[in-house]
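Q: requesting a structural model of the entry that follows:
(one chain, ligands or ions: 2)
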Amino acid sequence: MPKVTIDGKTIEVPQGTTILQAARMIGAEVTPPAMCYYTSLKTSGGYCRTCIVKVSKMSEANPNPIPKPVASCRTNVEEGMEVLNYTSPEIVEARKGVVEFLLANHPLDCPICDQAGECHLQDLSYDHGSDDTRYEFERRKFKKIDLGPFIQLHMTRCILCYRCVKVADQLTDERVHGVLNRGEVSEISTYITKAIENDFSGNMIDVCPVGALTDKTFRFKSRVWFTNPVSAHRDCKKCCGKVTLWYKGDEVLRVTGRKDKWGEVEEFICNECRFEKKQTLDWEIEGPTAIDRHSVISANHYEKIVEPSLFKLNDIKPFED
Ligand code: SF4
Ligand code: FES
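A: Ligands and ions are numbered 1, 2, ... in the order given. Below is the predicted model of the structure:
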């Protein structure tokens, strides 16, 4: 098992582990952000470059550095490898440049975007962006596109991470959307007017790191920080049936897959659970969902609740909006 050192912390990992996975095993303090890599989606990663790190020593056998930053999600660990992430001023500076590129065409519409509060690009720009913009050109413009009955695409917000394309490829029977064109004119598009109507298409909403793919049943209903996430499950024949219900008062405003501390869905869910089961009676309630990543969501929501067994929906009161 190769040993790798990241920002001075050493860990032994199974052969074939990437630098990003090794960093996650060590902890958040050494882990680079990842906007396109998604553990459960094969061949994801390698598109956004937010996860760049500096390899200061390639391996025990070859102690030379790699002369340019590498994408940690696509580079495997080697025995004796040494990696610098937050301890490298060049990487911190280079990542700022990556964030600047990702934001070059991204509209500053967070105040009206449904993803605000749980947007990875918002987090990324707070943590790694620069305070200023040097961009003087007109941003790309697109009309909103309906992708089937449940999903709306705001192409202006898309960062072309390809995660939704991988979901369509790997989870649904037939992919009817993808990235058309290349470079400045690339865009997510359905093939002609085909809608995405298969059972697992809703997972594209969960994997989209920004507000480009939004849930039409939830759009503009509430800011996410005014809702209360609650873990629940049901006996579903199509998927695991384990979800997070997002309540406002007694009303379930939306249903999503459960996410881990890296913001990735633990298990994908079907469209029936996501879009058609919006009554409390449809679900076995487990209790409040702990959300580490976006403290804004869970702040002060469950003051009165001591343990899940005492949990009652009426105990949680939404903030006024
Ligand atoms: S729509 Fe979202 S998930 Fe799809 S490529 Fe754009 S940013 Fe990524
Ligand atoms: S997360 Fe590695 S390139 Fe996007």
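Q: so what touches the longest helix along the chain?
A: Across the chain, the longest stretch assigned as helix under DSSP state H is helix 89-104. Outside helix 89-104, the residues within contact range by C-beta atoms under 8 Å, 6 or more residues apart in numbering are 32-33, 35, 48-50, 52-54, 69, 84-86, 121, 124-125, 128-130, 133-135, 139, 159. Every C-beta, even on glycine, is put in place using the N, C-alpha and C of the backbone.
Q: now do the end-to-end distance for stretch 229-246.
A: Stretch 229-246 has an end-to-end distance of 4 Å (C-alpha to C-alpha, to the nearest Å).
Q: for it, buried residues please.
A: Under the neighbour-count criterion of 16 or more other C-beta atoms under 10 Å, stretch 229-246 has 229, 230, 231, 232, 239, 240, 241, 242, 243, 244, 245, 246 buried.
Q: near ligand 2, which residues of the chain?
A: Taking C-beta under 6 Å from any ligand atom as the measure of proximity, the chain contacts ligand 2 at 34-37, 45-51, 71, 73.
Q: just put these in CSV and tack on neighbour count and secondary structure.
A: Shown next, in CSV, are the residues of the chain next to ligand 2 (neighbours: other C-beta atoms under 10 Å; DSSP: H, G, I helix; E, B strand; the rest coil):
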residue, neighbour count, secondary structure
34, 26, coil
35, 25, coil
36, 23, coil
37, 26, coil
45, 25, coil
46, 14, coil
47, 18, coil
48, 26, coil
49, 19, coil
50, 26, coil
51, 28, coil
71, 22, strand
73, 27, helix
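Q: what pLDDT is listed against the closest residue to residue 208 other than its chain neighbours?
A: Spatial nearest neighbour of residue 208, chain neighbours left out: residue 164 (5.8 Å); criterion: C-beta to C-beta, 6 or more residues apart in numbering. Residue 164 carries a pLDDT value of 92.
Q: mind checking which helix or strand residue 164 is in?
A: helix 163-171 (DSSP states H and E).
Q: mind giving me the packing neighbours of that helix?
A: Here helix 163-171 touches strand 177-180, helix 203-207, going by 3 or more C-beta pairs under 8 Å, 6 or more residues apart in numbering; DSSP states H and E.
Q: could you identify which of the ones you listed is most buried?
A: helix 203-207 (a mean of 26; mean count of other C-beta atoms under 10 Å).
Q: contacts only, for the spatially closest residue to residue 77 that is not a sequence neighbour.
A: Excluding the flanking residues, the one nearest residue 77 by C-beta to C-beta, 6+ apart is residue 4, at 4.3 Å. By C-beta under 8 Å, 6+ apart, the residues touching residue 4 are 10, 11, 13, 19, 22, 77, 78, 81, 82, 83.
Q: get me the contact residues on the protein for ligand 1.
A: Residues of the chain that fall close to ligand 1, judged by C-beta under 6 Å from any ligand atom: 158-164, 188, 207-210, 212-213.
Q: please tell me how far residue 141 sits from residue 187.
A: Relative to residue 187, residue 141 is positioned 11 Å away (C-beta to C-beta, to the nearest Å).
Q: the two: which has the busier surroundings?
A: Legend: neighbour count by other C-beta atoms under 10 Å for residue 141 and residue 187, higher for residue 187 (16 against 9).
Q: wait, what's in contact with the more buried one?
A: Contacts of residue 187 (C-beta under 8 Å, 6+ apart): 142, 155, 158, 179, 180, 181.
Q: and which of these is nearest residue 269?
A: Ranked by distance to residue 269 (C-beta to C-beta), the contacts of residue 187 are led by residue 158 at 22.6 Å.
Q: relative to residue 106, how far out is the closest one?
A: Residue 158 sits 9 Å away from residue 106, taking C-beta to C-beta as the criterion.
Q: now do residue 23
A: Distance, residue 23 to residue 106, using C-beta to C-beta: 26 Å.
Q: can you check residue 60 too?
A: Separation of residue 60 from residue 106 (C-beta to C-beta) stands at 42 Å.
Q: of the two, which one has the most company?
A: Legend: neighbour count by other C-beta under 10 Å for residue 60 and residue 106, higher for residue 106 (21 against 12).
Q: helix/strand/coil for the residue nearest the centre of the chain?
A: In the chain, the residue lying closest to the centroid (C-alpha atoms, centre = their mean) is residue 209, at 4.0 Å. Using DSSP: H, G, I helix; E, B strand; the rest coil, the structure places residue 209 in coil.
Q: burial count for the closest residue to it other than its chain neighbours?
A: Among residues not flanking residue 209 along the chain, residue 120 sits closest, at 3.8 Å (C-beta to C-beta, 6+ apart). Neighbour count of residue 120, defined by other C-beta under 10 Å: 21.
Q: in TSV: the buried residues of stretch 229-246, plus secondary structure.
A: Below are the buried residues of stretch 229-246 laid out as TSV (three-state DSSP):
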residue	secondary structure
229	strand
230	strand
231	strand
232	strand
239	coil
240	coil
241	coil
242	strand
243	strand
244	strand
245	strand
246	strand
